[in-house]
Each structure stands twice: as structure tokens, then as C-alpha cells.
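Trainee: Below: sequence and its predicted model.
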Amino acid sequence: MPKYDLLKKTELRIENILLENANLSDVAAHVAHVLSLDKNEVLVVDYRNGVMTLDILNTCLNAYNIVGKKDQLLRELGGLPGISVSEDTSIHSDGMLGWIAMDEEMAKQALRKSDGMVFEIMENIAKRAIVFSTGAEVAEGQIEDTNTPAVMRRLISEGYLVTRGQTLKDDKIFISAKLREAADHGGYGLIITTGGVGAEDKDHTVEAVTAMDPEAATPYICHFEVGTGRHVKDGIKIAVGEYNGTFIITLPGPNDEVKASLDVLVEGLKTEQPKNILAEKIAANLRDILREKMAHRHAH
């Protein structure tokens, strides 16, 4: 279920409550129990003039664990030694914590409706994709970008709403900034790039993704010895990363390799494969293609 950010409104006040030699650690532990929190996530910070103030240290809560918990909370506190509650005891907060005092059934109905809206929004975002090509030769019109149309056609056939992104220049910081912008502000659940995964000094898409997601899966397609020809890296990789809920997938530049990756990619998205599994399946398929190319070359 969705969690809600308290937006720094973490203070909970219990008014008209009397304390006499009460154990504040027990108070915090019981409040935590009622709200399904860890006992270390609740702290009693003040008590004066019949008002006890608590601070909730977990700032992102499941609203279903909060709504309508006033009576249960006051019962538990009233059962502790040194604490007296009455009909005048009330609970207040300037933020979401105030939901504790709401009518439970009405609040849960509103939350279920909200959950449905959130789910629908997330579903729509998941089906929004943007495709970027990379490389100076594409940007300068020296070669035709056949990759972006191929990826777009396939994703559209799978029900995605697809945007054609700009051609990204060969610069790690620039690529990372554009991917971050698409994820943060574009509302895209899927970002695909083509090109820039090689071992030359102009290839930066994999590094751009790992800058955003240090735990991105980056399996090798093949290995090289650094310094051989124009190779400044030890091999060709792809990357599958995740940034704020957006999947980012880097594919190679050759059009036949892009097209051959799409079945694996789409199946992985349909079955919600984790990034490491999806990345390895795409990479394994590309390794098979490379072996076939090498065998064909040797045969001739």
C-alpha cells in the first residue's frame, strides 16, 4: 500500500492527559505499537500543562496504520502506570498524524479511493516511455537514426505511449542530466537509449546510468584488452538501472542488435523482471548474436 510523507509535520500532541511519575519510554513504546512503528521511531519530547508532545521519527508512514487509532491509543496509554486519560483527552497534529482522530471507516474509504487513484497514475506512468539515440554521427545527420523508430514501433504495439527524445551528444554529464530530467519531470516510467555502450572514449551511456543508479546491472557483451585499437575500456556493456521508479535501459548502436533485443526487453518488462535478471537476459542474447557474427566472419 502507498506510504505518505509527513512533510516535516511529525509532531503529535496529546492534550488533557495527566502524568505522575510515568515512564516516558513505556509511553513511546505503546504509541509505536499502536501505530505499527518500531519503538525507536517514537520519542516523547515534552510534557507541560497537561499536554504531552511526541515526535515521530519515521517520516513516511502507511496511512492505514494511523487512521482511527485514537481510542485504541488512549486506552493503551490509560492503562499505563502514572497516566490518567479522560473524556476530555484529545489528540492533535498539524499534519497527517491528525488522521488518528478521524472516523476509521470514513477515513479508510477515502484512503481506498486515494489508493485507486495512485495505482492508476502509476500504471499510466509505467506505460509512458521515451527513447533517446546517442552519437555525434546521428546528431550531425551523417547516418540515419533507424533505432529510435524501431524501438518506438515495438513499444507502441505493446501499448506504450512513446516519445521520441533528442539525440544525446557523447558526454556523460549531459546524458545523465537528460535522463534524470526525463525521470524527474517527464513522467516516464521507461527510458531507453541506443548507442554509446562501446569501449571507446566517446561511449558514455552506461556510465551515465551508473551515475544515477550506482547499483545498476551492467553485464558485459564482450571483453577487450585496454589499449587495443581505440579501446579505452575493457569491454562492451549494457546497463539496466532504476531511478526514482523509472527503468532505464541502454541498448547498443547497431540496428540489428537493437531489434534483436526488443523481444527479450518487452518480455522482461511484462513479467516485471528485476534489473539484474533483465540486464543479463538482454546481454546473453547480444552475446549469442556476436558469436554468430564472428562465426560467419571466420567462415568467410
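Mentor: Alright, I've got the coordinates.
Trainee: hey, where'd the strands end up in the stretch 151-300 of the chain?
Mentor: 161-168, 190-194, 220-223, 235-237, 239-243, 246-251 (DSSP state E, counting those that start in this stretch).
Trainee: Give me the below-cutoff pLDDT ranges for the stretch 201-300 of the chain.
Mentor: Residues of the stretch 201-300 of the chain that meet the criterion pLDDT under 70 lie in 229, 296-300.
Trainee: Phi, psi for the closest residue to residue 31 other than its chain neighbours please.
Mentor: Distances taken as Cβ to Cβ, 6 or more residues apart in numbering put residue 42 closest to residue 31, at 4.9 Å, once the chain neighbours are dropped. For every residue, glycine as well, the C-beta is placed using N, CA and C. When quoted as degrees, to the nearest 10, the phi and psi of residue 42 stand at phi -130, psi 130.
Trainee: Enumerate every residue touching residue 42.
Mentor: 28-29, 31-32, 35, 54-57 (Cβ atoms under 8 Å, 6 or more residues apart in numbering).
Trainee: Please apply the same query to residue 189.
Mentor: 125-129, 245-247 are the contacts of residue 189 under Cβ under 8 Å, 6+ apart.
Trainee: For residue 40, which non-adjacent residue is closest in space?
Mentor: Using Cβ to Cβ, 6+ apart, the closest residue to residue 40 is residue 57 (7.3 Å).
Trainee: Go through the contacts of residue 42 and name the one nearest residue 65.
Mentor: residue 35 (5.6 Å; Cβ to Cβ).
Trainee: for the protein, longest helix please?
Mentor: helix 275-299 (DSSP state H).
Trainee: by how many degrees do that one and strand 239-243 diverge?
Mentor: If you take axes from the mean of the first three to the mean of the last three Cα atoms, to 10 degrees, helix 275-299 sits at 160 degrees to strand 239-243.
Trainee: quick one: helix 275-299 to strand 246-251, angle?
Mentor: Using the same axes, to 10 degrees: helix 275-299 against strand 246-251 is 10 degrees.
Trainee: Residues touching helix 275-299, excluding its own?
Mentor: So helix 275-299 is contacted by 216-222, 237-242, 247, 249, 251-252, 256-257, 260-261, 264-265, 268-269, 273 (Cβ under 8 Å, 6+ apart).
Trainee: residue closest to the middle of this structure?
Mentor: residue 245 (2.6 Å; Cα atoms, centre = their mean).
Trainee: if I look at that one, how far off is residue 222?
Mentor: 32 Å (Cβ to Cβ, to the nearest Å).
Trainee: Residue 156: what's it in contact with?
Mentor: By Cβ under 8 Å, 6+ apart, the neighbours of residue 156 are residue 162.
Trainee: Number the residues from 18 up from this point.
Mentor: I'll keep to 18 as the first residue from here, and by that count the last item is residue 173.
Trainee: so how far is residue 241 from it?
Mentor: Residue 173 is 36 Å from residue 241, by Cβ to Cβ.
Trainee: circling back: max pairwise distance over the contacts of residue 59: which two?
Mentor: Checking the contacts of residue 59 with Cβ to Cβ, the most distant pair is 46 and 72, at 14.4 Å.
Trainee: So those two - more neighbours on which side?
Mentor: residue 46 (17 against 14; other Cβ atoms under 10 Å).
Trainee: re earlier: Throw together a PyMOL command that grabs the buried residues out of the contacts of residue 59.
Mentor: Command for PyMOL that selects the buried part of the contacts of residue 59, burial taken from 16 or more other Cβ atoms under 10 Å:
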select buried, resi 45+46+48+49+52+71+73
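Trainee: Residue 44 is in contact with residue 98, correct?
Mentor: No - Residue 98 sits out of contact with residue 44 when judged by Cβ atoms under 8 Å, with a separation of 10.6 Å.
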